[in-house]
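Novice: here is the input, now give the coordinates:
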Amino acid sequence: MSTIQISQRAQAVAPFYAMEFGKQAAALEAQGHHIVKLSIGEPDFGAPPAVLDAMRGAMDGRPMPYTEALGLPALRQAIARFYRDEHGVEVAASRVVVTAGASAALVLATAALVDPGDEVLIGDPSYPCNRQIAESFGARVTLVPTTAGTRFQLDAESVRSHWTDRTRGIMIASPSNPTGTSVPADELAAVCDMARERGAWRIVDEIYLNLSDHDAQGQSPRSALSYDPDAIVINSFSKYFGMTGWRLGWCVVPETLVPAMERLAQNYFLCASAPAQHAALSCFTSESLAVCEARRAEFAERRALVLDGLARIGLPVPVPPDGAFYVYFDVSGTGLTSWQFCERALQSAHVALTPGRDFGVHTADSHVRLSYAASADELREGIARLGTFVATLR
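Specialist: Numbers count the residues shown, from 1 in each chain. Now for the predicted structure:
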């Protein structure tokens, strides 16, 4: 019998531990336990009602052919208008590429930009799939340690100190997964300026941008495109619009990159889901945007609930988040590593969390991510259970 040889690329990919803990939680649920799931970044709201209605209409039996590889022209135009109306930045619809989720956008952008041996700078902690995708295309990823003092984000000084002759690009997420923290606008502009001056590309993951806090005047946060028009910006319908399982995202790229992105999309994916694209047009109605804004406000209330609860039970949050729906808290005072804390919290308290090991090495043993994408009732129950659990450690 022949043995199939698994590629070195596949062997090098680490597990996504949030999903692994999700599987353990599902096994406990199958035994009849109520698991409070605070491990996965999946909003509990679902798509706005108008989007659901649009999907039902699209699935009425009519033919549903492929769309253009870059996406429905009407959807690309709607996304461009969204940047103008929400973020005050003009983006040509021709620069918008609709993809099968933000992950596909990252795959296309990385395939278009990375050659084997290129060094890519990414902050630590950060979303694990970003570095895994980059490494799959041969990048040499340098994880740059960050601290609470830099909001667990890259800043100009850390980028400058880790830059080498091999550095070809940087990846930044603002707000970040796992910390929920944003890079201050002037700092992000400085980082992008530095990279651009050195001929390097900038990928900025903004999938949580519209879940960020507004300023004192009620203005939406600025996109990186407002001060770096040639940045490659990644976004998604999954988080702000609550459409995780629909697998629909987009990226905005410089005009010079569009032909390469189109060729890659044609060969890798053909196109994103046609019915999902047709339905997503309803995301940009005033009705749907009002629904999403109400949900953003509710996430802020949930965040306050979680921050208050964690402080009450003695689990410190070094940097309170200002976006997304994550809290990154420090468990070093419990005497457990983050992995031990998450395992015992799941087995004894039936609360699913994600250990810092998912997000890098610098905070791998000391920090845990909690997702407050669950309902307020589940969050209260989860905090209460964690309080009981933590009390047994002291």
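
Novice: tell me how many other residues crowd residue 314.
Specialist: If you count neighbours by other Cβ atoms under 10 Å, residue 314 ends up with 13. (Glycine included, C-beta is placed from N, CA and C.)

Novice: if I pick it, what's in contact with it?
Specialist: By Cβ atoms under 8 Å, 6 or more residues apart in numbering, residue 314 lies in contact with 333, 390.

Novice: next one: phi and psi at it?
Specialist: Dihedral pair for residue 314: phi 80, psi 30, per degrees, to the nearest 10.

Novice: pLDDT weak spots in this structure?
Specialist: Within the chain, the stretches with pLDDT under 70 are 1-2.

Novice: strands of that one, residue ranges please.
Specialist: Under the criterion DSSP state E, the chain contains strands at 36-37, 96-99, 119-124, 140-145, 167-173, 201-205, 232-236, 249-252, 326-330, 351-352, 354-355, 367-371.

Novice: how about a markdown table for those, with distance to residue 86 and mean neighbour count added?
Specialist: Below are the strands of the chain laid out as a markdown table (distance: least, Cβ to Cβ, whole Å; neighbours: other Cβ atoms under 10 Å):
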| stretch | distance to residue 86 | mean neighbour count |
| --- | --- | --- |
| strand 36-37 | 30 | 22 |
| strand 96-99 | 14 | 27 |
| strand 119-124 | 25 | 24 |
| strand 140-145 | 30 | 18 |
| strand 167-173 | 19 | 24 |
| strand 201-205 | 16 | 24 |
| strand 232-236 | 11 | 27 |
| strand 249-252 | 13 | 26 |
| strand 326-330 | 22 | 23 |
| strand 351-352 | 33 | 26 |
| strand 354-355 | 30 | 28 |
| strand 367-371 | 24 | 27 |
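
Novice: to residue 75, which of those strands lies closest?
Specialist: With Cβ to Cβ as the criterion, residue 75 lies closest to strand 96-99 of those, at 5.7 Å.

Novice: the closest one pairs with which strands, and in what direction?
Specialist: Take DSSP bridges as the rule and strand 96-99 pairs in its sheet with strand 249-252 (antiparallel).

Novice: run the chain-centre distance for the partner strand.
Specialist: Distance, stretch centre to chain centre, for strand 249-252: 13 Å (Cα atoms, centre = their mean, to the nearest Å).

Novice: ok, and what's touching it?
Specialist: 71, 76, 79, 83, 91, 95-106, 108-109, 207, 225, 232-238, 261, 272.

Novice: let's see that with 6 Å instead.
Specialist: 79, 91, 95-99, 101-102, 105, 109, 233-236 (Cβ atoms under 6 Å, 6 or more residues apart in numbering).

Novice: now, the most widely separated pair of those residues?
Specialist: Pairwise distances across those peak at 20.0 Å for 91 and 101 (criterion: Cβ to Cβ).

Novice: and the closest residue to residue 315 other than its chain neighbours, what does it touch?
Specialist: Of all residues not flanking residue 315 in the chain, residue 329 sits nearest, at 4.7 Å (Cβ to Cβ, 6 or more residues apart in numbering). By Cβ under 6 Å, 6+ apart, the residues touching residue 329 are 310, 315, 317, 368.

Novice: ok, the third one - how many residues close by?
Specialist: Using other Cβ under 10 Å, the number of residues around residue 317 comes to 19.

Novice: circling back to that earlier point, which of residue 91 and residue 101 has more neighbours?
Specialist: residue 101 (23 against 20).

Novice: tell me how many other residues crowd residue 45.
Specialist: 17.

Novice: also residue 64?
Specialist: Neighbours of residue 64 (other Cβ under 10 Å): 12.

Novice: what segments of the stretch 251-394 of the chain are helices?
Specialist: Using DSSP state H, counting those that start in this stretch, the helices of the stretch 251-394 of the chain run over 258-268, 274-280, 286-312, 338-344, 376-391.

Novice: quick one on the thing from earlier: in CSV: the strands of the chain, plus distance to residue 9.
Specialist: Output for those, formatted as CSV (distance: least, Cβ to Cβ, whole Å):
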stretch, distance to residue 9
strand 36-37, 31
strand 96-99, 21
strand 119-124, 16
strand 140-145, 14
strand 167-173, 19
strand 201-205, 20
strand 232-236, 22
strand 249-252, 23
strand 326-330, 29
strand 351-352, 29
strand 354-355, 25
strand 367-371, 27
